[in-house]
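Engineer: What follows is a predicted protein model with its sequence.
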2 protein chains.
Amino acid sequence: MTGSDVPAEGTERGPELTATPRNKGVDAAVAAARRVVASLLHAGDGSAAEMEKIADQLNAIADHLDEHAPAVEERLVDMWRGEGVTRHDPVTGPENAIAPPLQLHGKEDGSIGGVVVLGLPYQGPPGFVHGGVSALLLDHTLGVANHWAGTSGVTGTLTLRYHRPTPLFEPLTVTGRQVSVDGRKINTVGSITAGGKLCVSADGLFIVKDLPRPR
Amino acid sequence: MTGSDVPAEGTERGPELTATPRNKGVDAAVAAARRVVASLLHAGDGSAAEMEKIADQLNAIADHLDEHAPAVEERLVDMWRGEGVTRHDPVTGPENAIAPPLQLHGKEDGSIGGVVVLGLPYQGPPGFVHGGVSALLLDHTLGVANHWAGTSGVTGTLTLRYHRPTPLFEPLTVTGRQVSVDGRKINTVGSITAGGKLCVSADGLFIVKDLPRPR
């Protein structure tokens, strides 16, 4: 892939394939939790902030939430209800503070893509994105690309190639595209680029499979 | 790998290769933030908890932390000071609420390993660990295995094979072992097992490289 193959970042937006964060309810609380995660990491142990007091406040919030939470089994049924996009996964989920979250859009050429900026919580080498975080984003994106193409499966084999370090704090374009379906085998590829340059490419073999949902 | 090759979970603990969480300071606040992340996901949008109020509380904590935080450049220098283990990465870092955190131990046979239980924030298929999260854990573990073996590098190619679904809420044994060093090329393997059964295996090609540290 050369720079000229990479569409300008943020353009060619098609249908939303992932959940749109709402600025209210649990999404707003999760967005704030995401801020806390990053701010704690930015602050570090040398911070003048009173960490014991912050720990107490956060534990009190978790206690309060746990008092009102449904049983895990019940929650799992709710999470997987309906045919829409998931709101809880660790890549695109607005209800999951681990997720950046990445928002993905379908394109007319059959591929999908999205743009995301990653901060300190996703760091691997000094100042760059963790290779395993790139793998997490790409595994998920390839799965969504299969869904967009119409034939989904579970990951059988995933191969990641690291071409150059992936920068933190810069817009990253994450793309995926289903290449072929042969019986139960699906081949899907994807990439992460920054400023038009290829950072990571992924090649996945997926196996068509219906997953039982909790109920 | 057969079940009999897998050591009993939690046994054979050697030297700690990753940071030990401290029950004070930023580590305690991050442990509490980790609870908040999981509790928000457990609660979901159907919860009777007042999410707007929780969002306000969390944003206030983030604001307070940001007021006391050093500049990012300064913090990066601090993060990478010294030769010890990192405390900030998204897999083992006690200062990073995204990290479960996984703790890894060196073994006399040259391999490394650790045991971790993953909850809802790490979910992929219903009730199981996200394939990309397994990739994240293994990429990091292979890197630590290289460090333990004495020759480190950056990830060139990483291949993940998914043998069976990896369960949430159960102890997972994560292992890594450097297989060979040939010039600048390092071959390293790893696996995730649950109850003695192989869930995911990883095969990595790393390239020997000195990474510049922020200063």
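Structural biologist: That came in fine, so what should we check first?

Engineer: all strands in chain A, in order from the N-terminus.
Structural biologist: A:105-106, A:112-117, A:153-162, A:171-182, A:185-194, A:197-208 (DSSP state E).

Engineer: Need these in CSV (columns: distance to B:Ala62, mean neighbour count and mean pLDDT).
Structural biologist: All C-beta spots, glycine's among them, are computed from the backbone N, C-alpha and C. Formatted as CSV, the strands of chain A follow (distance: least, Cβ to Cβ, whole Å; neighbours: other Cβ atoms under 10 Å in any protein chain shown; pLDDT from 0 to 100):
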stretch, distance to B:Ala62, mean neighbour count, mean pLDDT
strand A:105-106, 29, 19, 96
strand A:112-117, 17, 22, 98
strand A:153-162, 32, 21, 96
strand A:171-182, 23, 19, 98
strand A:185-194, 27, 22, 98
strand A:197-208, 29, 20, 97
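
Engineer: Can you add distance to A:Gly143 and give these back as a markdown table?
Structural biologist: Below are the strands of chain A laid out as a markdown table (distance: least, Cβ to Cβ, whole Å):
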| stretch | distance to A:Gly143 |
| --- | --- |
| strand A:105-106 | 14 |
| strand A:112-117 | 10 |
| strand A:153-162 | 7 |
| strand A:171-182 | 8 |
| strand A:185-194 | 8 |
| strand A:197-208 | 8 |
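
Engineer: okay, those strands in a markdown table with distance to chain B next?
Structural biologist: As requested, those are exported to a markdown table (distance: least, Cβ to the nearest Cβ, whole Å):
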| stretch | distance to chain B |
| --- | --- |
| strand A:105-106 | 19 |
| strand A:112-117 | 13 |
| strand A:153-162 | 4 |
| strand A:171-182 | 12 |
| strand A:185-194 | 12 |
| strand A:197-208 | 9 |
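
Engineer: center of chain A, which residue is that?
Structural biologist: Geometric centre of chain A, nearest residue: A:Val91, 1.8 Å, by Cα atoms, centre = their mean.

Engineer: Next up, the contacts around that one.
Structural biologist: By Cβ atoms under 8 Å, 6 or more residues apart in numbering or on different chains, the contact set of A:Val91 is A:Ala99, A:Pro100, A:Pro101, A:Leu102, A:Leu136, A:Leu137, A:His140, A:Thr141, B:His130, B:Gly132.

Engineer: Other residues contacting the lowest-mean-pLDDT helix or strand in chain A?
Structural biologist: Scoring the helices and strands of chain A by mean pLDDT, DSSP states H and E places helix A:72-79 at the bottom, with a mean of 88. Here helix A:72-79 makes contact (Cβ under 8 Å, 6+ apart) with A:69-70, A:86-88, A:213-215, B:42, B:44, B:46, B:120, B:126-127, B:169.

Engineer: Identify the bridge partners of A:Ile112.
Structural biologist: Beta bridges link A:Ile112 to A:Gly106, A:Gly176 when assigned by DSSP bridges.

Engineer: ok, it touching A:Gly106?
Structural biologist: Yes. Using Cβ atoms under 8 Å, A:Ile112 makes contact with A:Gly106 at a distance of 5.3 Å.

Engineer: got any residues that touch both of these two?
Structural biologist: A:Gly14, A:Leu17, A:Trp148.

Engineer: Helices - which of these land there?
Structural biologist: A:Trp148 (DSSP state H).

Engineer: among the shared contacts of A:Ile112 and A:Gly106, which are within reach of chain B?
Structural biologist: Among these, no residue lies close to chain B (Cβ under 8 Å from any Cβ of the partner chain).

Engineer: Next, format the shared contacts of A:Ile112 and A:Gly106 as TSV and append neighbour count and pLDDT.
Structural biologist: Shown next, in TSV, are the shared contacts of A:Ile112 and A:Gly106 (neighbours: other Cβ atoms under 10 Å in any protein chain shown; pLDDT from 0 to 100):
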residue	neighbour count	pLDDT
A:Gly14	15	84
A:Leu17	20	92
A:Trp148	21	94
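
Engineer: and which of the shared contacts of A:Ile112 and A:Gly106 is nearest chain B?
Structural biologist: Top of the list for closeness to chain B, among the shared contacts of A:Ile112 and A:Gly106 and by Cβ to the nearest Cβ, is A:Leu17 at 16.4 Å.

Engineer: Look up how far B:Thr18 lies from that closest one.
Structural biologist: As judged by Cβ to Cβ, to the nearest Å, A:Leu17 and B:Thr18 stand 36 Å apart.

Engineer: And A:Ser47, by the same measure?
Structural biologist: Taking Cβ to Cβ, one finds A:Ser47 at 22 Å from B:Thr18.

Engineer: contacting residues for A:Gln103?
Structural biologist: Counting by Cβ under 8 Å, 6+ apart, A:Gln103 has contacts A:Glu16, A:Thr18, A:Ala19, A:Thr20, A:Thr92, A:Gly114, A:Val116.

Engineer: Which among these count as buried?
Structural biologist: A:Thr18, A:Ala19, A:Thr92, A:Gly114, A:Val116 (16 or more other Cβ atoms under 10 Å in any protein chain shown).

Engineer: OK, contacts around the first one?
Structural biologist: I take that to be A:Thr18. Counted by Cβ under 8 Å, 6+ apart, A:Thr18 has contacts A:Val85, A:Thr92, A:Pro101, A:Leu102, A:Gln103, A:Leu104, A:Gly114, A:Val144.

Engineer: What pLDDT does the model give the fifth one?
Structural biologist: Here the pLDDT value assigned to A:Gln103 is 96.

Engineer: ok, A:Arg213 touching A:Trp80?
Structural biologist: Yes. The pair A:Arg213 / A:Trp80 is scored as a contact, 4.4 Å apart, by Cβ under 8 Å.

Engineer: of the two, who's got more company?
Structural biologist: Shown here are A:Arg213 and A:Trp80; by other Cβ atoms under 10 Å in any protein chain shown, A:Trp80 has more neighbours (18 against 13).

Engineer: and that one, how far is that from A:Ala62?
Structural biologist: To A:Ala62, A:Trp80 is 24 Å away according to Cβ to Cβ.

Engineer: cool, and A:Glu170?
Structural biologist: Using Cβ to Cβ, A:Glu170 is found at 33 Å from A:Ala62.

Engineer: neighbour count winner among the two?
Structural biologist: The neighbour count for A:Glu170 versus A:Ala62, taken as other Cβ under 10 Å, is higher for A:Ala62 (21 against 12).

Engineer: show me what contacts the more buried one?
Structural biologist: B:Ala32, B:Arg35, B:Val36, B:Ala38, B:Ser39.

Engineer: any chance of the residues you listed in TSV, with neighbour count too?
Structural biologist: As requested, the contacts of A:Ala62 are exported to TSV (neighbours: other Cβ atoms under 10 Å in any protein chain shown):
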residue	neighbour count
B:Ala32	24
B:Arg35	19
B:Val36	29
B:Ala38	22
B:Ser39	25
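
Engineer: give me the subset of the residues you listed touching chain A.
Structural biologist: Subset of the contacts of A:Ala62 in contact with chain A: B:Ala32, B:Arg35, B:Val36, B:Ala38, B:Ser39, counting by Cβ under 8 Å from any Cβ.
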